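K.L.:
Fold the following for me, if possible:
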Amino acid sequence: MSNDSFAARAVAEGPATVAPPSFDGHGWLVAINLTEFTAGFVIATIVALKMARDIWLNRAEDRLHHPVTMWRGFAGMVSAAMALRFLLAAMVVWKWNPNAPAETGWVLTLQRFTDPIAATVGLLALGLFEISGKAMADHLKREPLPVRLWASRSQLKRPLAILALSLVAAVGVVSTR
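P.N.:
Below is the predicted model of the structure:
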């Protein structure tokens with residue numbers, strides 16, 4: 001596969017580092033980034049798919065203008081934007097290889113092409129949040145719902161496990177590069 005892009009040339013002509021040079025040789029920083037980006041991608045993807053599934057399964061009762069559908073749509077779009085951004089950020093660090101500049105260049109270029117997509121989805125989510133804000137606030141003031149956060153903390157077990165596994169994988173990769 002040939003790649004004569006500026007990104008591929010920059011990787012080929014740059015220092016032969018085990019991670020992108022912007023990490024300045026800090027292995028602990030590479031491990032933190034790998035952990036956060038990998039876990040962030042997995043968790044954000046799970047949330048985005050769950051929100052899409054819930055909108056689909058409840059489409060008969062919850063119309064598009066229903067507050068629950070708006071809440072799910074906002075959370076789904078934010079999660080989708082985060083998942084896309086985290087995926088490519090993780091790919092850049094996971095796939096970094098100065099000995100394969102063409103492949104690394106493709107990943108760097110793909111990241112730049114997906115950034116506007118992630119930003120657009122994120123801005124659409126903010127737009128949905130803004131245009132539904134007054135109606136949501138009015139609705140919540142009429143029927144206040146008690147939020148019991150501590151009772152729901154058991155739901156964080158799986159995301160924390162994903163974070164822990166990502167940390168183990170990141171430390172393993174950084175220590176063996």
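
K.L.:
Give me the buried positions along the host helix or strand of Arg9.
P.N.:
With elements taken from DSSP states H and E, the one containing Arg9 is helix 6-13. Using 16 or more other Cβ atoms under 10 Å as the test for burial, helix 6-13 gives Ala7, Ala8, Val11, Ala12. Any C-beta I mention is one placed from the backbone N, CA and C, and that applies to glycine too.

K.L.:
mind checking the SS state of Arg59?
P.N.:
Classification of Arg59 using DSSP: H, G, I helix; E, B strand; the rest coil returns coil.

K.L.:
burial measure for it, as a count.
P.N.:
Residues lying near Arg59 (other Cβ atoms under 10 Å) number 12.

K.L.:
Residue most distant from the centroid, the chain?
P.N.:
Arg142 (34.5 Å; Cα atoms, centre = their mean).

K.L.:
I'd like the average pLDDT over stretch 12-21.
P.N.:
Taken as a whole, stretch 12-21 has a mean pLDDT of 83.

K.L.:
Residues touching the host helix or strand of Ala161, excluding its own?
P.N.:
Per DSSP H and E, Ala161 falls inside helix 157-176. Under the criterion Cβ atoms under 8 Å, 6 or more residues apart in numbering, residues 19, 27-28, 30-36, 38-39, 42-43, 94 lie in contact with helix 157-176.

K.L.:
longest helix in this protein, by residue count?
P.N.:
helix 101-142 (DSSP state H).

K.L.:
That one - contacts with which helices or strands?
P.N.:
Applying 3 or more Cβ pairs under 8 Å, 6 or more residues apart in numbering; DSSP states H and E, one finds that helix 101-142 contacts helix 6-13, helix 67-94.

K.L.:
Can you list the helices and strands that the helix or strand bottoming out on mean pLDDT in the chain packs against?
P.N.:
Least confident helix or strand, the chain: helix 6-13 with a mean of 84, by mean pLDDT, DSSP states H and E. Using 3+ Cβ pairs under 8 Å, 6+ apart, the elements in contact with helix 6-13 are helix 101-142.

K.L.:
Let me know the angle separating the helix it packs on from helix 67-94.
P.N.:
160 degrees (axes from the mean of the first three to the mean of the last three Cα atoms, to 10 degrees).

K.L.:
quick revisit: looking at the buried residues of helix 6-13, point me to the pair that's furthest apart.
P.N.:
Greatest spacing in those, by Cβ to Cβ: Ala7 and Ala12 (9.7 Å).

K.L.:
ok so, going back, tell me how far the helix holding Ala161 lies from the chain's centre.
P.N.:
16 Å (Cα atoms, centre = their mean, to the nearest Å).

K.L.:
Thanks a lot, see you next time.
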